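J.: coordinates only, no sequence provided:
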């Protein structure tokens, strides 16, 4: 028997999940990926709000962009700001 991917998941349930992923259409897989990306962005933004409670929404958007793309690209997209570190 192969090693489980996740130690907190029943191996039978994990095998079922993998089979469902394999059977999913490309469109469904892209939708799942988009949902995962949206969740990751939301978690990152939540963390930034906790770290910078006085920051404006614009500042948080810049900080998220810097986190995701790097500060140099964030500055190219958002322009020079006073938000950087």
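T.: Received, thanks. Small disclaimer: the values here were computed from a predicted structure and weren't measured. Numbers count the residues shown, from 1 in each chain.
J.: which residues of this protein score low on pLDDT?
T.: Within the chain, the stretches with pLDDT under 70 are 1-4, 84-85.
J.: strands of that one, start to end?
T.: For the chain, no strands are identified by DSSP state E.
J.: please enumerate the helices of it.
T.: Across the chain, reading from the start of the chain, the helices by DSSP state H fall at 11-23, 26-51, 57-69, 71-78.
J.: now those in a markdown table, with distance to residue 5 and mean neighbour count?
T.: For every residue, glycine as well, the C-beta is placed using N, CA and C. Formatted as a markdown table, the helices of the chain follow (distance: least, C-beta to C-beta, whole Å; neighbours: other C-beta atoms under 10 Å):
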| stretch | distance to residue 5 | mean neighbour count |
| --- | --- | --- |
| helix 11-23 | 6 | 11 |
| helix 26-51 | 16 | 11 |
| helix 57-69 | 26 | 16 |
| helix 71-78 | 33 | 14 |
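J.: do you know how far the residue nearest to the spatial centre of the chain is from residue 80?
T.: Within the chain, one residue has its C-alpha closest to the average C-alpha position: by C-alpha atoms, centre = their mean, that is residue 40, at 2.2 Å. As judged by C-beta to C-beta, to the nearest Å, residue 40 and residue 80 stand 27 Å apart.
J.: repeat that for residue 59.
T.: Shown here: residue 59 relative to residue 80, a distance of 13 Å by C-beta to C-beta.
J.: residue 51 now?
T.: Residue 51 is 22 Å from residue 80, by C-beta to C-beta.
J.: before we move on, what about residue 74?
T.: Taking C-beta to C-beta as the criterion, residue 74 is separated from residue 80 by 11 Å.
J.: again with residue 27
T.: To residue 80, residue 27 is 40 Å away according to C-beta to C-beta.
J.: then residue 71?
T.: Spatial separation of residue 71 from residue 80 under the definition C-beta to C-beta is 11 Å.
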